[in-house]
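Asks: can you look at this prediction? I've put the sequence above it.
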Amino acid sequence: MANILGIDYGKKFVGYAVGNNISLSSSTYGTIFYKNQKNLFTDLKKLINDWDIQYIVIGLPLNMDDSESEMSLFIRKLAKRIQKSLNIKCKLHDERLTTFEAKELMIENKKSSKQVISDNDGIAAKLILESWLREKEESDV
């Protein structure tokens, strides 16, 4: 069994989810506000150690026409830095519409607007990770 960390990276908030390749499901770990990337790398190192993470899946925000966005180029560089600095494999997964889908799920579940703001990125990370797990399972068959 491999534990996997899902990340929805935003300019202000980073959402986390933890899952594994056996159950093909994940749990929202939370959303954290970062003032700088030093704290991000410190938290990632702790999460990797605490959860025995084997690899990381990071949402890749491509444009709707499949072209690269400024943020997707940044995410590609960030993934390389994480791999090099923390010695862990990073996978990128198309995250188009996951933030919107996460908001819709919370509204359907009657979450308050404050909860929608605070939980949105964590739920988006969960959706990214579970989508990647499903795609990986289908390609392994």
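Replies: Yes, it's here. Numbering: from 1, shown residues only.
Asks: can you map out the strands along this protein?
Replies: 3-9, 13-20, 26-33, 53-60, 89-94 (DSSP state E).
Asks: bridged to the closest residue to Glu135 other than its chain neighbours, which residues?
Replies: Distances taken as CB to CB, 6 or more residues apart in numbering place His93 nearest to Glu135, at 7.7 Å, with adjacent residues excluded. From N, CA and C alone the C-beta is placed, and that goes for glycine too. Using DSSP bridges, the bridge partners assigned to His93 are Gly59.
Asks: so who does His93 touch?
Replies: The contact partners of His93, by CB atoms under 8 Å, 6 or more residues apart in numbering, come to 57-60, 128-129, 131-132, 135.
Asks: quick check: pLDDT value at it.
Replies: As predicted, His93 sits at a pLDDT of 94.
Asks: save the strands of the chain as JSON lines, and put in distance to Ile123 too.
Replies: Compiled in JSON lines, the strands of the chain are given as follows (distance: least, CB to CB, whole Å):
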{"stretch": "strand 3-9", "distance to Ile123": "8"}
{"stretch": "strand 13-20", "distance to Ile123": "7"}
{"stretch": "strand 26-33", "distance to Ile123": "6"}
{"stretch": "strand 53-60", "distance to Ile123": "12"}
{"stretch": "strand 89-94", "distance to Ile123": "15"}
